[in-house]
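1. show me how the following folds:
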Amino acid sequence: MAKWHKTKYPGIRYREHPARKHGIQQDKYFAIRYQKDGIRTEEGMGWASRGWTLQKVNAKLAELKENQRTGQGPQTLREKRDLLKDKCEQELAEQERQNRENILFTDYFAEVYFKTALISKKPETCRTELQYFKNWIEPAFKSKPFKEIAPLHCEKLKKKLLSSGRTPRTLQYIFAIIRQVWNMAKRDGLISSESPTKHVSVPKIDNKRLRFLSHDEADILLNELSNRSLQLHDISLLALHCGLRAGEIYGLSWNDIDLDRGLISVKDTKSGHNRPAFMTKPVKVMLADKKQSASSGIVFSDRHGRKIKQLSNAFSRAVTKLGFNDGIIDHRQKVVFHTLRHTFASWLVQGGTDLYTVQKLMGHSSFEMVQRYAHLSKGTLQKAIENMEKNMLAESNVIELKQKTG
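-> Numbering: from 1, shown residues only. Sure, this is the predicted structure:
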């Protein structure tokens, strides 16, 4: 073990490194001794090769003794090191906090939110969100961290959108993207406040589809589709007779089809709940014929045998040829693929099906979503007017009878 040597300064000693030199002398390791609370304490200071000299060690020892005398500041090297460590950790934490707070909204969208969306959302949804981001959100929020974005910026974005002729629905969509990005950043601890879009009023719109097909129109459309694409005809038949959404149809496998009981198990729905769909005779015949020639587990596949991602534009071409949308400006009155599902619900209500049953067959998450069909039912509302008319007529007859007998 290396021998300790005294120095001219009380309480300071050193030992020499057996091999290492510092200049022309052996490298020295300094240590200090002092009393604290009646206990003799010894602590190492460091090597001369690391910058320690007798004078520096003595100054540090004097500082510790002065702190002990006054009761202020660190009184041991350990305390000093702990304080420096705490200070460094606090500074690093503060720096990290500032770095996180200064992350730009646009950077977070590109580096975190959109990369997550590419995995969890449909490709067409991602394309739409990216287009809205580049055209509207990025110019409005460019070079702004989350903490600097206020409702005022959203108000300006709203004004710009509406004055450019964009619909309230587009505004709602863009605000929804901002809100989703904001909530994800809040989840990640970048921000604690709520989305500024919450404090900006958005025009309310009724985006519910109004148009549905008559039975004759549906037959004409299905016939036109069969001339263009048998598979497109079959997909449309499922939407029209079973009320399935396009995505639900694309996701069907033959394991979901029970021809014996005439049941279809609809999974991974928009509402998040699986539901049964019931086959009509035309649907059952179509699926039975299709199963005989099935080459994969997917009921409807693209030309490469993979799951279909989007509807063929042959549908819109068929609608155009038939003139269903001629002269129609209101998009709610236009015939699109979703019109088939809307027609399914409308036919049910016209046939006397109660709205609760329609809700279950459609897979709607709330009763409010099927109330749009209430006017089609010759029930509650229409019967109320008919009853009112009967009462008015009866009362009028009583008054007239009294007048004649009086």
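
2. ok now stretch 33-48, how far from the chain's centre?
-> Stretch 33-48 sits 59 Å away from the centroid of its parent chain (C-alpha atoms, centre = their mean, to the nearest Å).

3. so what touches that stretch?
-> Stretch 33-48 is touched from outside by 11-13, 17, 22, 27-32, 52, 57, 60-61, 64-65, 68, 75-78, with contacts defined as C-beta atoms under 8 Å, 6 or more residues apart in numbering. Using the backbone N, CA and C atoms, a C-beta is placed for each residue, glycine as well.

4. buried ones among the residues you listed?
-> 11-13, 27-32, 52, 57, 60-61, 64-65, 68, 75-77 (16 or more other C-beta atoms under 10 Å).

5. tell me which of those fall in strands.
-> Judged by DSSP state E, the subset of the buried ones among the contacts of stretch 33-48 located in strands is Ile12, Arg13, Asp27, Lys28, Tyr29, Phe30, Ala31, Ile32.

6. mind putting the residues you listed into CSV with distance to Ile39 and pLDDT?
-> As requested, these are exported to CSV (distance: C-beta to C-beta, whole Å; pLDDT from 0 to 100):
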residue, distance to Ile39, pLDDT
Ile12, 19, 93
Arg13, 18, 94
Asp27, 30, 94
Lys28, 26, 94
Tyr29, 23, 95
Phe30, 21, 94
Ala31, 16, 93
Ile32, 14, 92
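
7. what's the most distant pair in the residues you listed?
-> Asp27 and Ile32 (17.9 Å; C-beta to C-beta).

8. CA atoms of stretch 118-129 as CSV?
-> Coordinates of each C-alpha in stretch 118-129 appear next as CSV, following Å, rounded to 0.1, in the frame of the first residue of the first chain:
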residue,chain,number,x,y,z
LEU,A,118,-49.5,5.4,-41.3
ILE,A,119,-49.7,2.3,-39.1
SER,A,120,-53.1,2.7,-37.5
LYS,A,121,-55.2,4.5,-40.2
LYS,A,122,-56.3,3.7,-43.7
PRO,A,123,-54.1,4.8,-46.6
GLU,A,124,-56.8,7.2,-48.0
THR,A,125,-57.2,8.8,-44.6
CYS,A,126,-53.5,9.4,-44.3
ARG,A,127,-53.4,10.9,-47.7
THR,A,128,-56.2,13.2,-46.9
GLU,A,129,-54.7,14.3,-43.5
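
9. what residues sit buried inside that stretch?
-> For stretch 118-129, by 16+ other C-beta under 10 Å, it's Glu129.

10. how close does Asp37 sit to Thr76?
-> For Asp37, the distance to Thr76 equals 10 Å [C-beta to C-beta, to the nearest Å].

11. check Glu138 too.
-> 55 Å.

12. can you pull the pLDDT of the closest residue to Gln310 other than its chain neighbours?
-> Once flanking residues are discounted, Gln310 sits nearest to Glu124: 6.4 Å by C-beta to C-beta, 6 or more residues apart in numbering. The model reports Glu124 with a pLDDT of 85.

13. same check, this time on Gly379
-> So Gly379 comes in at 56 (pLDDT).
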